[in-house]
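**Student:** Build the 3D model from these lines:
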Amino acid sequence: MLRRNICNIHKICCFYTAPATLLGETDVSSLNKVFKPMNYHSFSKPQNITLIRHLSYIHEVKHDLEKLKNEPNYNTFTYRTHTCGELRPSHVGQKVSLCGWIQYQRMTKFLLLRDAYGTTQCIVNGDTNLPDIPLETTVKIEGTVALRPKSMINTNMTTGEIEVVINDLQILNTASNLPFHLRDYQKPKEQLRLQHRYIDLRFPDMQNNLRQRSTMLHNMRRFLVEKHKFVEVETPTLFCRTPGGAREFVVPTHHAGLFYSLVQSPQQFKQMLMAGGIDRYFQVARCYRDESTRPDRQPEFTQLDIELSFTNLDGVLSLIEQLLYTTFIQDIPKPPFKRITYKYALENYGTDKPNLTYDLKFKTIKHLFCDKLNDSNFGAYVLPYPNELGKLTTKYKEKIRELIKKYKTKVVLYENISKELSVELFNKIQDTIGERNSCIVSLGDNENACLCLGEIRGFIATLLLSKNLLKINNAMVPLWVIDFPLFVKGENGLETCHHPFTAPHPEDIHLLQSDPLKVRSLAYDLVLNGNEVGGGSVRVHNAELQEKLLKMLNIDNTKLLHFLNALRSGCPPHAGIALGIDRLVSIACNAESIREVIAFPKSHEGKDPLSGAPNFINEDDKKYYHIVTVD
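**Tutor:** Below you'll find the predicted structure:
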């Protein structure tokens, strides 16, 4: 419609005043040449009333011309004139060039041409027939846009009102021996799709996911750079091992016995950038961890890494809230986001990444166990749920038995409370949960009792949903989890809950020596609909405190002398965070796995089905890199 209006404006200008050299121009400056010499008050003759109306019309669409100038053009630098999702009735009569893949052919007269932007029906007229071309062959079509007959309009296609009458068809590359076809139904299994990812990427949902990812990252960069003057800095991927973190991949060198490690995050680098005066840093960083693969985790991943000097916990949380509110590709609540403590999350939901899209919370019943009131490590909780759910099947009872072994807790089903505990306790529990509810009881070590019941909460929610007994909030529900413990008990002493560079809570520093497990940290996680999508902390910027924490964690300081020296150089107070881009985009695109929003992901086994990596190296390479392999 806008382009048609521009054509009308040119006709008006041509009829009244515009010279021939002006008629081919489409910019606003051309129209200003027409407007400038004209005086509206000079039009007193009746024959000029039409001109006045036309000039008014020109003024009304003037801002549309500016808008047109800024429209994205998907066809620049190519030999197509339009995409396969672009043509509309306003293009009827135009000669166009389209390029794409043949998705479907019918009756030797019709074909459906697809590219990354949509599909267009193309036809041949008269006695001409289309050659038999294999599906997924790439072609270039030149033709004329025509309206479809009303009875053949396809309202399910954005281009469903038009078709292109083919004048010339050029085969660019013939497809052969495809392992599967691109259909919305009967999709091949994921392993086959990953093995032939170059074909799988042509599916519209994969196209959409990757373009949505690109859009969100672009908007994040604009927010950080243009609005808040952050500096994007690329840091090395090859580095030395970071002690106290996740397991890292090692990279051999041709120097005997010397190895790099692939960074699990740019943690040390970004803190050293703060020491170097790059006070507002970010990076879209590739990170690597040699860990088991899950639907939300793979060996290599992407994070938006951010660090900021002269700030605190509230400053970073506010920054991320504004960033996501501005750039997330789905609606997200207006900041500030809800905040809960780690203790509250654990004792109400049994996890540090609770899903608040449904209301299913624990109730504590420790007060009902008089002999355990003074035991700070004892926990007693119930998970209430509607009576209508009924008894659990054998399948779920077996799951609970596995959880009991995993967490070493006592779990009591509703129907067994009177028998395994007491009738009196059953009555008190019933009063606590309400007469319309059943429940599951978890008893034991406080943390383990919560974690065990948290996993049970997950499958109880699934069961309730399957029977329409639980309401789900389909909106995005972000929240911050704060006040994590600084340390947790490990097999060989203290371990860090986040990483060794996390600052302790200033109110708990006095407990570092006397009761370190009670020390809270200034760490924070961002949780979105039950998924951890970001994590960070206020950092230790004092070398003496950092050395003390490393010693408590039994980490050799000599491996971090470069880092400690950076802190001693006058490093400012700083804090930061890393957002998991793969997880964020998968949530925004409603994808079941992060593999659906990564162009070339690893499989659930951590392998690359496309190339077969990881694979063997030959004996010459082993000799060069001083490697000996064992079976």
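
**Student:** For the nearest residue to T311 once chain neighbours are set aside, give its distance to G277.
**Tutor:** Here the nearest residue to T311 in space, its sequence neighbours aside, is A575; by Cβ to Cβ, 6 or more residues apart in numbering that works out to 5.3 Å. For the C-beta atoms, the positions are set from N, CA and C on the backbone; glycine is no exception. When distances are taken as Cβ to Cβ, to the nearest Å, A575 and G277 turn out to be 16 Å apart.

**Student:** Repeat that for T394.
**Tutor:** T394 sits 64 Å away from G277, taking Cβ to Cβ as the criterion.

**Student:** Also L324?
**Tutor:** Taken as Cβ to Cβ, the spacing of L324 relative to G277 amounts to 28 Å.

**Student:** same thing with T327?
**Tutor:** Using Cβ to Cβ, we find T327 at a distance of 27 Å from G277.

**Student:** Look at L324 and G277 and report which has more neighbours.
**Tutor:** Of the pair L324 and G277, L324 is the one with more neighbours under other Cβ atoms under 10 Å, namely 24 against 10.

**Student:** contacting residues for that one?
**Tutor:** 332, 478 (Cβ atoms under 8 Å, 6 or more residues apart in numbering).

**Student:** separation between it and N167?
**Tutor:** L324 is 49 Å from N167, where distance means Cβ to Cβ.

**Student:** ok now do L421, which residues does it touch?
**Tutor:** The contact partners of L421, by Cβ under 8 Å, 6+ apart, come to 412, 441.

**Student:** Show the pLDDT at it.
**Tutor:** Residue-level confidence at L421 comes out at 95, pLDDT.

**Student:** So which residues of the stretch 51-200 of the chain form helices?
**Tutor:** The residue ranges that make up the helices of the stretch 51-200 of the chain, judged by DSSP state H, counting those that start in this stretch, are 62-69, 190-195, 197-200.

**Student:** And the last one, what does it pack against?
**Tutor:** The criterion is 3 or more Cβ pairs under 8 Å, 6 or more residues apart in numbering; DSSP states H and E, and the helices and strands that helix 197-200 contacts are helix 190-195.

**Student:** Are we agreed that S442 is in a strand?
**Tutor:** Yes: secondary structure assignment (DSSP: H, G, I helix; E, B strand; the rest coil) places S442 inside a strand.

**Student:** Please tell me I have it right and it contacts C450.
**Tutor:** Yes: using Cβ atoms under 8 Å, S442 is in contact with C450, at 7.5 Å.

**Student:** Which of these two has more residues huddled nearby?
**Tutor:** The residue with more neighbours, out of S442 and C450 and counting by other Cβ under 10 Å, is S442; that gives 29 against 26.

**Student:** what's the closest non-adjacent residue to that one?
**Tutor:** Nearest non-adjacent residue to S442, counting by Cβ to Cβ, 6+ apart: L453, 4.0 Å away.

**Student:** For burial, what's the neighbour tally of the one you found?
**Tutor:** Residue neighbour count, defined by other Cβ under 10 Å, stands at 27 for L453.

**Student:** List of residues touching the helix or strand harbouring it?
**Tutor:** Assigning secondary structure by DSSP states H and E places L453 in helix 446-466. Helix 446-466 is touched from outside by 346-347, 349-351, 355, 358, 360, 362, 376-381, 383, 385-386, 389, 392, 396, 399-400, 403-404, 406-409, 411, 440, 442-444, 470, 472, with contacts defined as Cβ under 8 Å, 6+ apart.

**Student:** now swap in stretch 363-371 and tell me
**Tutor:** Contacting residues not belonging to stretch 363-371 are listed as 347, 372-373, 378-382, 384, 425, 428-429, 432-433, 441, 443 [Cβ under 8 Å, 6+ apart].

**Student:** what residue ranges in the stretch 301-450 of the chain score low on pLDDT?
**Tutor:** Within the stretch 301-450 of the chain, no stretch falls below the threshold (pLDDT under 70).

**Student:** ranges for the helices of the stretch 351-500 of the chain?
**Tutor:** Secondary structure of the stretch 351-500 of the chain (DSSP H, counting those that start in this stretch): helices at 394-407, 417-420, 423-433, 446-466.

**Student:** Just the C-alpha atoms of the last one, please, in CSV.
**Tutor:** Taking only C-alpha atoms (Å, rounded to 0.1, in the frame of the first residue of the first chain), the coordinates of helix 446-466 have been written out as CSV:
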residue,chain,number,x,y,z
ASN,A,446,16.9,-30.3,56.4
GLU,A,447,18.5,-29.7,53.0
ASN,A,448,18.1,-33.2,51.7
ALA,A,449,14.4,-33.4,52.9
CYS,A,450,13.7,-30.2,50.9
LEU,A,451,15.6,-31.4,47.8
CYS,A,452,13.9,-34.8,47.8
LEU,A,453,10.4,-33.2,48.1
GLY,A,454,11.4,-30.7,45.5
GLU,A,455,11.9,-33.4,42.9
ILE,A,456,8.6,-35.0,44.0
ARG,A,457,7.0,-31.6,43.5
GLY,A,458,8.0,-31.7,39.9
PHE,A,459,6.3,-34.9,38.9
ILE,A,460,3.3,-34.2,41.1
ALA,A,461,2.8,-30.9,39.2
THR,A,462,2.9,-32.9,35.9
LEU,A,463,0.3,-35.3,37.2
LEU,A,464,-2.0,-32.5,38.4
LEU,A,465,-1.7,-30.7,35.1
SER,A,466,-2.6,-33.9,33.2
